[in-house]
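Q: heads up, no residue letters with this:
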């Protein structure tokens, strides 16, 4: 359709607005992470690490796997249903998630004392109201974000994201100005209040949009009467049984995949590891989460998924799906591998610059977290493929076997050295990747990993890391200023890495043309 909200031109505009808004929100979000780690003492930040892990887990529990239903049914309703039906669907899902979030808060309230016994660094005797606000706000904020992405309302979404993070920055600066330090409970309020404001703005903007859409539809068809057949069709939409099946598959996988996620590992670290390492690990996971938001597959997932599924349904070509997924993962590697190379070569200087001298002795831990992000992003890619070919049940099986592998590793690791527990997420991702690839090939979907994909990107990162490491540790680059050393090492990594990519011919001309066709008005 020429006027379709999901036309290529609208998708292109959505991507550009999304990138611009995400860029501004990302700067504010990164600054928030840095300021919190600087203005909180080590024990308070360790407690903040544990509670943010608990909050993120609560958001997953309250999500009920309905995110995929949003990306699947909202576009259908926008194209083929009335504004009233679209609104009813969205508000019903919103009500379900709100009730689920309230139930989770009730469970936390009832079991607050046992929770405190798990996390020795959390010194909040009574269940804090700020925590309940944060849980509810986080659940609904993520829900409305998914709705706005499915409607391609990227401009409004990114403005709200930017305001959210700027609000947090303002609150941090205000708290620091008042007390010169931020307590654990204050940090929860800093995170929760701007998000509550964002949820209210989401609801107002969505209400206005649905009213406007309804008026446009009434103006286009002012005399159209609803027939009995149309009323029956309306009553049968959406298929809640199909929604429940889709949600249960994705929810089951999400729950099985919870242990290797950052929010769960932060809680596990808070139980077993010393305070200094808990704080460092929490900070590194926060850094990785900021990076993950901007790697292409995660950044554009809600835009990519309906397009990929639609194209596969149209042409039923797994080879084309495989090729496009390889390109997506290559874009991830081109960003993540030089970051890992930079950390390996100059991690001590990077971390000292960010934290004001804290946690730099754990630079190896940041490299490990980034490696887990790299391997785990391939699981996200395989999830997209499984949803495209209608084999989402394999997600649950893969998560089950990967969870067994991770549990066995944890048993062994905790008996050898407690620090090894931080390797467990990598074990989970490797097992999950292996099972899904094997299952796809077994079921007649020949998923192939490109050797050239790994050779060019990995070799380039290895060479860049070695050269810069030698230069910095053999006194070829010297300066008492850690900020300057961080900048110089990063610039050298970038120059050497991309020069090596060109030498190894790791990026093909047809891949550049495909990206150009998405980002420009005039496609291939």
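A: Here it is on my side, so go on. The structure displayed is predicted, hence computed values, not measured ones.
Q: Quick one: neighbours of residue 352, just the number.
A: Applying other CB atoms under 10 Å, we find 19 residues neighbouring residue 352. C-beta here means a position set from N, CA and C on the backbone, and glycine is covered the same way.
Q: next one: residue 193
A: Neighbours of residue 193 (other CB under 10 Å): 17.
Q: Kindly report the same for the one 3 residues further on.
A: Residue 196 is surrounded by 18 other residues when neighbours are defined as other CB under 10 Å.
Q: which one is it nearest to, not counting chain neighbours?
A: residue 137 (4.6 Å; CB to CB, 6 or more residues apart in numbering).
Q: what comes up buried for the helix or strand hosting that neighbour?
A: Assigned by DSSP states H and E, residue 137 belongs to helix 129-150. Neighbour counts over helix 129-150 (16 or more other CB atoms under 10 Å) mark 130-150 as buried.
Q: can you pull out the helices in the stretch 201-350 of the chain?
A: Taking DSSP state H, counting those that start in this stretch as the criterion, the stretch 201-350 of the chain carries its helices at 228-235, 240-256, 262-272, 275-292, 296-299, 301-315, 318-355.
Q: do the stretch 1-150 of the chain as well
A: In the stretch 1-150 of the chain, the helices defined using DSSP H, counting those that start in this stretch lie at 8-39, 42-63, 67-80, 83-110, 112-118, 129-150.
Q: Looking at the ones you listed, spot the one closest to residue 287.
A: helix 8-39 (6.6 Å; CB to CB).
Q: Mind checking the pLDDT average for the closest one?
A: Regarding helix 8-39, the rounded mean pLDDT is 68.
Q: which residue is nearest the centroid of this structure?
A: Closest to where the C-alpha atoms of the chain average out (CA atoms, centre = their mean) is residue 293, at 5.3 Å.
Q: Which helix or strand lies directly C-terminal to the helix or strand hosting residue 371?
A: Assigned by DSSP H and E, residue 371 falls within helix 363-389. Per DSSP H and E, the first helix or strand lying C-terminal to helix 363-389 is helix 393-416.
Q: got the buried residues for that following helix?
A: Within helix 393-416, the residues that qualify as buried are 394-399, 401-403, 405-406, 409-410, 413, counting by 16+ other CB under 10 Å.
Q: From the contact counts, what lies against the helix or strand following it?
A: Downstream of helix 393-416, the next assigned helix or strand under DSSP H and E is helix 424-442. When contacts are defined as 3 or more CB pairs under 8 Å, 6 or more residues apart in numbering; DSSP states H and E, helix 424-442 sits against helix 363-389, helix 393-416.
Q: need the ones you listed in TSV with mean pLDDT and distance to residue 334, can you?
A: TSV is the format used below for the helices and strands packed on helix 424-442 (pLDDT from 0 to 100; distance: least, CB to CB, whole Å):
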stretch	mean pLDDT	distance to residue 334
helix 363-389	86	11
helix 393-416	87	26
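Q: Of all the ones you listed, which one is nearest residue 249?
A: When the helices and strands packed on helix 424-442 are compared by CB to CB, helix 393-416 sits nearest residue 249, at 5.8 Å.
Q: could you check the angle helix 262-272 makes with that closest one?
A: Interaxial angle, helix 393-416 versus helix 262-272 (axes from the mean of the first three to the mean of the last three CA atoms, to 10 degrees): 20 degrees.
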